[in-house]
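K.L.:
Here is a sequence together with a model predicted from it:
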Amino acid sequence: MSDTANDPIQTFTAKSDLPLRIEPVRQGLDMATVLGLIGAIALILAAIFLGGNWLAFVDVPSILIVVCGTFAITSVSFSFTEIMQAQPLMLRTMFSSGHTPNEAAAKVLQLAERARRRGLLAMQNELYSLRNEPFLLRGMTMLVDGMPIEEVERNLTFETHAMAQRHQRSTGILRRAAEISPAMGLIGTLIGLVQMLGSLDQPEGIGPAMAVALLTTFYGAVLANVIFLPIASKLERNSAIELLINQIFILGALSIGRQENPRRLELVLNTILPANQRVKYFD
């Protein structure tokens with residue numbers, strides 16, 4: 001077997017005689033995110049259980065100060081509506097679509113080749129096959145309906161910018177929460193220290209006060225560095241990939257609308273694709 005058979009760059013070949021087939025976007029758990037979070041939490045819990053009394057790490061006042069306090073202060077920085085709207089985007093970091101930029105490039109090259117041979121109006125019969133790619137479907141629908149190229153580009157670009165702003169806002173909420181949770185832990189520590197100093201003449205009150213002082217810092221550090229910051233980084237990564245895919249779809253739609261040679265489109269797409277994901281559709 002030749003080496004090119006295992007090369008992902010070589011897997012896309014021109015198949016203009018086959019029916020247009022856009023594979024559905026694969027969805028599933030993002031195992032890197034799931035295993036990373038579970039692994040980090042498991043290591044922390046293992047250290048707690050192996051260290052002795054795990055009940056010493058459970059303190060309701062500390063949880064209220066850090067968790068509820070972080071949510072309350074974050075809602076001051078953002079509106080409650082923005083926080084609620086960001087929840088679905090945050091949850092999406094737990095799932096992987098399996099959608100890669102080189103697959104998106106292969107799709108638009110297949111469409112461009114088909115439109116070049118049959119004409120733009122004939123692509124109306126192919127729109128149903130794009131139902132799993134709503135962004136590309138909107139672009140092709142506007143072209144088939146005869147909308148000017150400049151207007152198609154403007155509409156798709158505005159939609160991409162709006163999506164980027166939503167992702168940026170969600171990332172900002174997570175990073176703001178990551179800043180606040182350690183601060184709330186520090187506030188809880190100060191509360192615990194004040195209570196401890198006020199109970200020096202009552203030895204039975206020193207232990208609970210020290211628990212509040214230390215556990216709030218612990219809870220704040222865990223929330224910031226195990227939950228908020230990693231999810232924010234993953235959301236930024238996923239957003240960058242989605243923006244690149246949308247850019248590929250925009251370039252493809254505009255090239256189809258201008259009836260350009262698909263080989264030229266391949267060259268343009270390879271200039272924005274990462275080196276390890278460039279396509280060789282016509283080779």
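P.N.:
It's in.

K.L.:
what's the closest non-adjacent residue to Q85?
P.N.:
With Cβ to Cβ, 6 or more residues apart in numbering as the criterion, Q85 has its nearest non-adjacent residue at 7.6 Å, and that residue is R166. For every residue, glycine as well, the C-beta is placed using N, CA and C.

K.L.:
So which bits of stretch 117-127 are buried?
P.N.:
M123, E126 (16 or more other Cβ atoms under 10 Å).

K.L.:
and the end-to-end length of it?
P.N.:
16 Å (Cα to Cα, to the nearest Å).

K.L.:
how many neighbours does the closest residue to F228 other than its chain neighbours have?
P.N.:
Residue nearest to F228 in three dimensions, not counting chain neighbours: A178, with 3.8 Å by Cβ to Cβ, 6+ apart. The local packing of A178 (other Cβ atoms under 10 Å) involves 21 other residues.

K.L.:
Which residue ranges of the stretch 1-150 of the chain form helices?
P.N.:
For the stretch 1-150 of the chain, applying DSSP state H, counting those that start in this stretch gives helices covering 31-51, 60-63, 69-77, 80-92, 101-118, 134-144, 149-197.

K.L.:
Buried ones in stretch 84-98, by neighbour count?
P.N.:
Buried-residue list, stretch 84-98, by 16+ other Cβ under 10 Å: A86, L89, M90, R92, T93, S96.

K.L.:
so how far is A86 from the spatially closest residue to the second one that is not a sequence neighbour?
P.N.:
Residue nearest to L89 in three dimensions, not counting chain neighbours: S170, with 4.4 Å by Cβ to Cβ, 6+ apart. The gap separating S170 from A86 is 4 Å, by Cβ to Cβ, to the nearest Å.

K.L.:
One more: A275?
P.N.:
33 Å.
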